[in-house]
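Asks: I would like to see how this sequence folds:
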Amino acid sequence: MELSATLNAQEQSLVRMQVDSFNKTIEQGKKPSQNLGKDDFIKILITQLTHQDPTAPMEDKEFIAQMAQFSSLEQMTNMAQDFNRLANLLSGGEATGALGKSVELTEGDQVIQGVVKAVTRGAVPQVLVNGTYYNWEQVTKVYEE
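Replies: Prediction:
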């Protein structure tokens with residue numbers, strides 16, 4: 001049995017259409033960022049150091065100021081990550097506190113009521129209501145009967 005590793009024109013056209021379609025869906029999901037991150041900052045700094053004039057090197061004060069900016073940026077990034085972790089912990093604690101209580105949640109246009117039987121942990125806690133897991137964010141009301 002002999003296998004052909006080449007595509008005919010029709011197969012090539014079909015593959016090209018599928019690739020183009022896939023690329024369009026990827027492009028739609030991307031959001032251009034207007035903010036520079038710490039990686040961008042370090043690239044700029046390295047580029048400056050690489051292309052500086054050896055007869056007129058960057059002033060010490062400029063270099064120290066840029067390093068201080070980089071340090072501040074890194075600290076702000078770390079704080080943002082810590083705040084996200086804290087928010088996740090608080091959300092998980094809230095969901096755990098609803099265990100055994102009646103809740104009202106929304107899924108699309110539908111309002112669902114039931115008792116929380118279980119809670120999952122993680123960045124997006126989920127609650128088990130009426131045999132189905134829902135994201136904690138969908139819960140609109142928690143009450144005792």
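Asks: look up how far I42 lies from T77.
Replies: Per Cβ to Cβ, to the nearest Å, T77 is found 12 Å from I42. C-beta: built from backbone N, CA, C; applies to glycine.
Asks: cool, and Q66?
Replies: In this view, Q66 and I42 are 10 Å apart by Cβ to Cβ.
Asks: compare those two and say which is more crowded by neighbours.
Replies: Each of Q66 and I42 has its neighbours counted (other Cβ atoms under 10 Å); Q66 has more, 16 against 13.
Asks: which element follows the lengthiest strand in the chain toward the C-terminus?
Replies: For the chain, the longest strand by residue count, based on DSSP state E, is strand 110-119. Remark: after strand 110-119, the chain's next helix or strand is strand 126-129, criterion DSSP states H and E.
Asks: just name whatever secondary elements that following strand is in contact with.
Replies: Counting contacts by 3 or more Cβ pairs under 8 Å, 6 or more residues apart in numbering; DSSP states H and E, strand 126-129 packs against strand 102-107, strand 110-119, strand 132-135.
Asks: residues contacting the shortest one, please?
Replies: Here strand 132-135 makes contact (Cβ atoms under 8 Å, 6 or more residues apart in numbering) with 105, 107, 112, 120, 124-127.
Asks: who touches N88 in this structure?
Replies: The contact partners of N88, taken as Cβ under 8 Å, 6+ apart, are 122-123.
Asks: any idea how far Q66 is from it?
Replies: For N88, the distance to Q66 - Cβ to Cβ - is 33 Å.
Asks: swap in S13?
Replies: 52 Å.
Asks: mind naming the longest helix for this structure?
Replies: Ranked by residue count and defined by DSSP state H, the top helix of the chain is helix 60-97.
Asks: what's around G100, how many residues?
Replies: 9.
Asks: can you tell me the SS state at it?
Replies: coil (DSSP: H, G, I helix; E, B strand; the rest coil).
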